[in-house]
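S.K.: fold the following.
(chains A and B)
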There are 2 protein chains.
Amino acid sequence: MLDLSLEVLLQTAARIIPAVHRTPVLTSQSLNRRFGRELFFKCENFQRGGAFKIRGATNAVGMIGPATVSRGVATHSSGNHGAALALAADASGIACHVVMPRNSVRSKVEAVQAYGAKVTFCAPTMASRQETLDAIVAQTGATVVHPYNDEHVIAGQATATMELLADAPRLDAVIVPIGGGGLAAGATLAARHTAPQVQVFAAEPAGADDAMRSFAVGRLEPVGSPETIADGLRASLGDKPFAILQQGLKAVVTVSESAIVEAMRLVWQRMKIVIEPSAAVPLAALLEERIDTTPNRVGLILSGGNVDLDALPW
Amino acid sequence: MLDLSLEVLLQTAARIIPAVHRTPVLTSQSLNRRFGRELFFKCENFQRGGAFKIRGATNAVGMIGPATVSRGVATHSSGNHGAALALAADASGIACHVVMPRNSVRSKVEAVQAYGAKVTFCAPTMASRQETLDAIVAQTGATVVHPYNDEHVIAGQATATMELLADAPRLDAVIVPIGGGGLAAGATLAARHTAPQVQVFAAEPAGADDAMRSFAVGRLEPVGSPETIADGLRASLGDKPFAILQQGLKAVVTVSESAIVEAMRLVWQRMKIVIEPSAAVPLAALLEERIDTTPNRVGLILSGGNVDLDALPW
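M.R.: You can find the predicted model right below:
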């Protein structure tokens, strides 16, 4: 396994600066009152491509050797990683192939296509995703950039939490959504290397609770058919993020679907910003009081803002 | 008429600083590409109370003499000014009465009530608004703070454009929505005193086009029954804003309802921020190519973000 040291994280941050936005950290007096804490929202919904994923994708593309990069890149993704890889590939002038489950959010499929990638649909299972991707790689020789089970991707995602910790100093805790685990593993690394006193929590939908079950038994327990509105969190935890998370994550908590919708609506109404259901999961964890310590200053990563405006969940 | 000099505007800005947010000016690469210009969005949707109105309301409440302020304040408003006056009155510990048309957006009525004001409903006409307000004033002795036909309110609203001109230097033009005219008159004053080379345009729905007609004939031509989704722009232009606008506004342009919805959706999708229909009217003017000069660097005021999430126009 790559050494994901502070030095690697700082090199990663320097490498991706030209390609990503330094997104703002917003606060809301009315939400602070509502929750009785000071909340700091890292707005990756404002990120290029509408989600944090461009960080990892840009880093991964940048690390491909010159001999193979010309054959392009390929991945499977329910949406945001696919869009991010398409953007990163476009910036490097290489081809990009994205395998997407047939139940992907329409706006995310359209975004991937708009950024110039070739989309291939598959069944909404991890097995079908992998099989379809393997066939494309066999045919094209493209380098696979996994959405989360890749150290370069994890290092890229870590920069979101590094920025949050720098812009909102003296946090007691950070809560991030967890699906495949790239963002959460990056958050754990960022805290360990730059603010070790900060507790990192990962929140996931109860209908896709493989991370909680995996932590409970100490080995990966993939989810069969995830059922959640949080389409960005349907993937199962990867072994590389899991290994990192086991060294530093404080806890995994789960939230109900109704709390996700309520939290999403609260952010739209009070903060006047558009976030997708996955991004609402950390606030949903506070709504349902799943964080059993009582941190006062809490950072939350709003992971993305790609929603289908014609199919809102209320 | 009050002298709305640069000195008055600067004193106003200093007076209201503690009570208002300095809202950000956001940009969007994808919207710049889409429109072939550099656009600068002044995000008053992030303002306290969800709209620019807190600026004028705070200034007006601050200018009421000590002998009368204890009797409270009263106004009529389709929503945002009412909420703003309620907030400003609450900050000063005085009572607030708000007359609202029965067809006001539900979320706006709830906001006014949540901020502690007493709401009285009326028919959706200017005559009914005035009549209902007169009765409340006769009963309570409250000071009327008109939503726009008031120099102190206009001076307060001018601070939004002053901040935009400071934070987005070298603009060629500013486009603001126009209903009663407070924001537009303030924009004209701000440009005249701080950046006279900037052309100020006002945009309104074709279904509430009294400002365009008033400018065409040189006298106020109130609209009878405005029909537009832009609920914040249904009021007719006041004589005090009109007098100021006649001294500096470049032009009034009108936009269709479909352009308002399309512009609103574009901002939600591309910028990931929540704006109300009225706030989309300036971008709608660019969509419909109503600005006949070709300014490159254009500031747009996103006037508010108070929408009913259960009744979106798409």
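
S.K.: can we go C-alpha only for contacts and neighbour counts from here?
M.R.: Fine.

S.K.: nearest residue to the residue of chain A found nearest chain B other than its sequence neighbours?
M.R.: Nearest residue of chain A to chain B: residue A:273, at 4.1 Å (Cα to the nearest Cα). Excluding its sequence neighbours, the residue lying closest to residue A:273 (Cα to Cα, 6 or more residues apart in numbering or on different chains) is residue B:273, at 4.1 Å.

S.K.: just say helix, strand or coil for residue A:88.
M.R.: Secondary structure assignment for residue A:88 (DSSP: H, G, I helix; E, B strand; the rest coil): helix.

S.K.: what do you get for residue A:312?
M.R.: Classification of residue A:312 by three-state DSSP places it in coil.

S.K.: dihedrals phi and psi, it?
M.R.: Torsion angles at residue A:312 (phi, psi; degrees, to the nearest 10) stand at phi -80, psi 150.

S.K.: only alpha carbons, please: show whatever helix or strand residue A:215 lives in as CSV.
M.R.: Assigned by DSSP states H and E, residue A:215 belongs to helix A:210-217. Extracted in CSV, the C-alpha atoms of helix A:210-217 (Å, rounded to 0.1, in the frame of the first residue of the first chain):
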residue,chain,number,x,y,z
ASP,A,210,-22.4,-2.1,5.0
ALA,A,211,-19.8,0.2,6.5
MET,A,212,-21.5,0.0,10.0
ARG,A,213,-21.7,-3.8,9.7
SER,A,214,-18.2,-4.1,8.4
PHE,A,215,-16.8,-2.1,11.3
ALA,A,216,-18.9,-4.2,13.8
VAL,A,217,-17.3,-7.5,12.7
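
S.K.: could you point out which element follows that helix?
M.R.: Using DSSP H and E, the helix or strand that directly follows helix A:210-217 along the chain is helix A:239-245.

S.K.: and that next one, what does it pack against?
M.R.: Contact here means 3 or more Cα pairs under 8 Å, 6 or more residues apart in numbering or on different chains; DSSP states H and E; on that basis helix A:239-245 packs against helix A:182-194.

S.K.: give me the contact list for the helix it packs on.
M.R.: A:4-6, A:9, A:147-149, A:153-162, A:165, A:176-178, A:197-200, A:202, A:241-242, A:244-245, A:248-249 (Cα atoms under 8 Å, 6 or more residues apart in numbering or on different chains).

S.K.: out of those, which sit inside helices?
M.R.: A:6, A:9, A:153-162, A:165, A:241-242, A:244-245 (DSSP state H).

S.K.: could you check how many residues crowd around residue A:314?
M.R.: The number of residues packed around residue A:314, counting by other Cα atoms under 10 Å in any protein chain shown, is 8.

S.K.: got a list of what it touches?
M.R.: Contacts of residue A:314 by Cα under 8 Å, 6+ apart are A:261, B:310.

S.K.: for residue A:45, same thing?
M.R.: Neighbouring residues of residue A:45 by Cα under 8 Å, 6+ apart: A:51, A:52, A:274, A:275, A:302, A:303, A:304, A:305, A:306, B:272.

S.K.: and residue A:139, how far is that from residue A:97?
M.R.: 11 Å (Cα to Cα, to the nearest Å).

S.K.: the two: who's more crowded?
M.R.: residue A:97 (28 against 8).

S.K.: please identify the helix or strand for the residue nearest to the more buried one when sequence neighbours are not counted.
M.R.: Nearest-residue entry for residue A:97: residue A:74, 4.5 Å, with adjacent residues in sequence omitted and distances by Cα to Cα, 6+ apart. Element membership for residue A:74, per DSSP H and E: strand A:73-76.

S.K.: show me what that strand is packed against.
M.R.: Judged by 3+ Cα pairs under 8 Å, 6+ apart, strand A:73-76 is in contact with helix A:80-92, strand A:96-101, helix A:126-140, strand A:143-144.

S.K.: the same query, at a cut-off of 10 Å, please.
M.R.: Contacting strand A:73-76 under the criterion 3 or more Cα pairs under 10 Å, 6 or more residues apart in numbering or on different chains; DSSP states H and E are the following elements: helix A:80-92, strand A:96-101, strand A:118-122, helix A:126-140, strand A:143-144.

S.K.: ok so, going back, for the residue nearest to residue A:97, list each beta-bridge partner.
M.R.: Counting by DSSP bridges, residue A:74 forms beta bridges with residue A:97, residue A:144.

S.K.: tell me the contacts of it?
M.R.: Listed by Cα atoms under 10 Å, 6 or more residues apart in numbering or on different chains, the contact set of residue A:74 reads A:82, A:85-86, A:89, A:95-99, A:117-119, A:133-134, A:136-137, A:140-146.

S.K.: still on that earlier bit, need the CA coordinates for the strand holding residue A:74. PDB is fine.
M.R.: Output in PDB follows, covering the C-alpha atoms of strand A:73-76 (Å, rounded to 0.1, in the frame of the first residue of the first chain):
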ATOM      1  CA  VAL A  73      -9.300   5.900 -18.500                       C
ATOM      2  CA  ALA A  74     -12.400   3.900 -17.500                       C
ATOM      3  CA  THR A  75     -14.500   3.500 -14.400                       C
ATOM      4  CA  HIS A  76     -17.800   2.500 -13.000                       C
END
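
S.K.: and it, average pLDDT?
M.R.: Mean pLDDT, strand A:73-76: 95.
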